[in-house]
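1. Okay, here's the prediction I keep looking at, along with the sequence it came from:
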Amino acid sequence: MYTLITGGTGFIGKRLIKKLSAEGRQIKCLVREKSDTSIIDFPDVKFVIGDVKDPVSVKLALEDVDVIYHLAARAHPSLIKPYKHYEEVNVLGTRNILDTAISSEGIKKIVLMSSIAATGPSRDGKLLNENSPLKPITNYGISKVEVEKIASEYHKKYSLPIVVIRPPMVYGIGDKDWVGFFKMIKEASVSGKSLPIPGSHENLFDFCFVDNLVEGLIGAEKSEKTIGQTYFLSDGRPYKISEILSEITKSLNTGYPKKFWPKWWTMTLSTILEGIGYVFRFDPPLARRDVKWMTSNYWVCDCTKAKKDFRYNPKISLEEGIRRTLDWAQKQGLV
Ligand SMILES: NC(=O)c1ccc[n+]([C@@H]2O[C@H](COP(=O)([O-])OP(=O)(O)OC[C@H]3O[C@@H](n4cnc5c(N)ncnc54)[C@H](OP(=O)(O)O)[C@@H]3O)[C@@H](O)[C@H]2O)c1
């Protein structure tokens with residue numbers, strides 16, 4: 001039987017395939033016609049061309065499958081994209097997968113990717129957990145709340161063996177989004193220019209190294225205890241912003257940046273950029289919610305439940321994760 005992965009050509013999916021291939025699994029990926037499958041460099045992976053929006057290709061993909069990792073999504077939160085943009089892939093795609101799974105024989109586990117975006121940020125500075133209310137602040141987050149509702153409905157109504165995973169921001173090898181952040185820090189450290197990260201840097205931020213997440217996804221799949229449950233998976237503890245900056249500059253071999261934008265200026269500029277973005281329909285490079293994570297305990301979560309239920313044990317430290325990511329980015333000539 002096959003393990004099916006949707007979103008296998010994405011940042012997290014590629015790392016998941018690498019790990020599952022090493023376990024000797026038979027892997028199938030549902031990919032789009034335009035997906036770049038050359039980046040999945042494992043000869044035994046079988047591709048089914050289709051789309052999660054298309055129930056016919058989903059049915060084909062689910063043949064001879066006993067485990068599903070459903071990662072495919074429109075995964076980038078936007079201030080201007082309408083809910084429909086996320087709904088048509090994230091919500092309807094999930095419904096197609098689960099509708100097909102109901103009538104498939106022998107499904108042992110379905111691992112569904114949600115996100116911390118479903119709860120939204122911490123409002124009181126305390127770590128979010130699986131009992132925190134769902135208060136998303138983006139259309140992406142609203143779509144993930146819907147995904148979780150559908151998961152719960154299908155688990156209760158049809159006894160589908162689903163586990164829902166909510167990572168915070170994920171970083172690591174293959175993620176080009178973080179490269180810009182590294183570059184900005186490098187420039188500020190080397191040139192002495194002010195870094196647009198205001199505040200005391202004593203506040204906390206949770207993220208997850210991609211290979212820690214992959215270990216957690218597979219751990220959640222293999223455990224009986226996780227059926228019908230939801231889990232936050234992070235690096236195991238939140239980091240101070242100063243710790244993150246220290247590790248990045250240590251890996252870059254530059255000094256710690258000396259000058260930072262003041263909070264009032266960063267807030268003012270982000271407000272103006274958001275306004276212009278709304279009018280001219282683009283996502284601003286800096287938004288007020290960015291200033292919030294830079295200056296308060298905003299995206300923070302607790303993964304104690306995963307540690308307890310299936311011994312989730314994120315082994316790769318911040319220092320090692322950043323070193324591996326930078327190594328990769330430097331080899332690609334990106335930093
Ligand atoms: N990255 C993070 O920080 C983070 C944090 C929390 C949760 N998550 C969740 O983790 C999952 C994976 O995220 P990621 O960062 O790996 O995303 P990503 O790099 O943007 O990859 C998205 C994947 O979904 C596929 N996809 C998009 N629309 C599809 C469709 N209609 N039919 C079939 N496949 C489709 C893409 O295929 P193409 O190659 O054809 O584009 C790609 O393989 C998502 O569910 C995301 O919401 C991510």
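-> Perfect, I can see it now. Just so you know, these numbers come straight off a predicted model, no measurement behind them. Residues are numbered from 1 along each chain as shown.
2. residues in contact with Y2?
-> Residues in contact with Y2 (C-beta atoms under 8 Å, 6 or more residues apart in numbering) are R25, Q26, I27, K28, K46, D64, V65, D66. C-beta: built from backbone N, CA, C; applies to glycine.
3. ok, and the closest non-adjacent residue to it?
-> K28 (4.3 Å; C-beta to C-beta, 6 or more residues apart in numbering).
4. For that neighbour, the count of nearby residues, please.
-> 24 (other C-beta atoms under 10 Å).
5. If we look just around the ligand, which residues of the chain are in range?
-> With C-beta under 6 Å from any ligand atom as the criterion, the chain meets the ligand at residues 6-13, 30, 32, 34-35, 51-53, 71-73, 75, 89, 93, 113, 115, 167, 169-170.
6. what's downstream of the longest helix along the chain, the next helix or strand?
-> Assignment by DSSP state H gives helix 139-158 as the longest helix of the chain. For helix 139-158, the following helix or strand on the C-terminal side (DSSP states H and E) is strand 162-166.
7. For L334, which non-adjacent residue is closest in space?
-> Using C-beta to C-beta, 6+ apart, the closest residue to L334 is V179 (4.7 Å).
8. Just give me how far the host helix or strand of that neighbour sits from the chain centre.
-> Here V179 sits within helix 177-191, counting by DSSP H and E. Centre-to-centre, helix 177-191 and its host chain are 21 Å apart (C-alpha atoms, centre = their mean, to the nearest Å).
9. average pLDDT for that helix?
-> Averaged across helix 177-191, pLDDT comes to 90.
10. mind listing what the following helix or strand past that helix pairs with, with the direction of each?
-> Of the helices and strands lying after helix 177-191 in sequence (DSSP H and E), the nearest is strand 204-205. Applying DSSP bridges to the sheet, strand 204-205 is found paired with strand 239-240 (antiparallel).
11. which parts of the helix or strand following the partner strand are buried?
-> Next helix or strand after strand 239-240 toward the C-terminus (DSSP H and E): helix 241-252. Residues I241, E243, I244, L245, S246, E247, I248, T249, S251, L252 are the ones in helix 241-252 that count as buried (16 or more other C-beta atoms under 10 Å).
12. Run the angle between helix 241-252 and helix 177-191 for me.
-> Orientation check (axes from the mean of the first three to the mean of the last three C-alpha atoms, to 10 degrees): helix 241-252 against helix 177-191 gives 80 degrees.
13. For the helix holding V179, buried residues please.
-> W178, V179, F182, I185, K186, A188, S189.
14. repeat for stretch 323-335
-> R323, R324, T325, L326, W328, A329, V335.
15. got it, and stretch 66-77?
-> D66, V67, I68, Y69, H70, L71, A72, A73, R74, A75, P77.
16. Can I get those in TSV including pLDDT, distance to P136 and secondary structure?
-> Below are the buried residues of stretch 66-77 laid out as TSV (pLDDT from 0 to 100; distance: C-beta to C-beta, whole Å; DSSP: H, G, I helix; E, B strand; the rest coil):
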residue	pLDDT	distance to P136	secondary structure
D66	98	32	strand
V67	98	28	strand
I68	98	24	strand
Y69	98	23	strand
H70	98	19	strand
L71	98	19	coil
A72	98	19	coil
A73	98	14	coil
R74	98	14	coil
A75	97	14	coil
P77	95	9	coil
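17. With distance to F42 as new columns, can those be given to me in CSV?
-> Output for the buried residues of stretch 66-77, formatted as CSV (distance: C-beta to C-beta, whole Å):
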residue, distance to F42
D66, 19
V67, 17
I68, 18
Y69, 15
H70, 20
L71, 16
A72, 18
A73, 22
R74, 25
A75, 22
P77, 30
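18. tell me what the longest helix of the chain is packed against?
-> helix 83-86, helix 92-102, strand 109-113, strand 162-166 (3 or more C-beta pairs under 8 Å, 6 or more residues apart in numbering; DSSP states H and E).
19. Can you add mean pLDDT and mean neighbour count and give those back as a markdown table?
-> Converted to a markdown table, the helices and strands packed on helix 139-158 look like this (pLDDT from 0 to 100; neighbours: other C-beta atoms under 10 Å):
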| stretch | mean pLDDT | mean neighbour count |
| --- | --- | --- |
| helix 83-86 | 98 | 16 |
| helix 92-102 | 98 | 21 |
| strand 109-113 | 98 | 24 |
| strand 162-166 | 98 | 24 |
